[in-house]
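S.K.: Sequence plus predicted model, see below.
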Amino acid sequence: MNAILAPFRVPELRRYLLGLVLVFAGAWATGESGSMLPLACGAAAWAMLSVPLLRRLLGSRQTSGRR
């Protein structure tokens, strides 16, 4: 069970998943209201929350390539 939950202990991954939840909430709100604004806000939040994860992934790739 710990092997399944271990990736969720990484704060960057939790932020990324929170961003995805916001996109889905925005999609639901768009369907209910007919406005594209909630979906745009959710997508913007997802983009901002995914930056730390991308930096971590790119940083680990750059350090492993230097060996």
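M.R.: Thanks, I have the structure now.

S.K.: alpha carbons only for contacts and neighbour counts from here, please
M.R.: Will do.

S.K.: Check the model's average confidence along the host helix or strand of Gly42 for me.
M.R.: When secondary structure is defined by DSSP states H and E, Gly42 falls within helix 37-65. Here helix 37-65 scores 87 as its mean pLDDT.

S.K.: nearest spatial neighbour of the most centrally placed residue in the chain, skipping sequence neighbours?
M.R.: In the chain, the centroid-proximal residue (CA atoms, centre = their mean) is Tyr16; its distance is 2.0 Å. Leaving aside its chain neighbours, Tyr16 sits nearest to Ser50 (4.9 Å; criterion: CA to CA, 6 or more residues apart in numbering).

S.K.: Kindly report the same for Ala40.
M.R.: In this structure, Ala40 finds its nearest non-sequential neighbour in Gly26, 7.4 Å apart by CA to CA, 6+ apart.

S.K.: go on, Pro38?
M.R.: Excluding the flanking residues, the one nearest Pro38 by CA to CA, 6+ apart is Gly26, at 4.6 Å.

S.K.: Cross-check the contact I'm expecting between the one you found and Leu39.
M.R.: Yes - the criterion here is CA atoms under 8 Å, and Gly26 meets it with Leu39 at 4.1 Å.

S.K.: so how many other residues sit close to Leu13?
M.R.: Leu13 is surrounded by 18 other residues when neighbours are defined as other CA atoms under 10 Å.

S.K.: if we can go back for a sec, okay, buried residues for the helix holding Gly42 please.
M.R.: 38-39, 42-43, 45-46, 49-50, 52-53 (16 or more other CA atoms under 10 Å).

S.K.: And Leu37, how far from Gln62?
M.R.: Taken as CA to CA, to the nearest Å, the spacing of Leu37 relative to Gln62 amounts to 37 Å.

S.K.: how much space between Arg14 and Val21?
M.R.: Arg14 sits at a distance of 10 Å from Val21 (criterion: CA to CA).

S.K.: let me redo that: Ser33
M.R.: Going from Ser33 to Val21 by CA to CA gives 18 Å.
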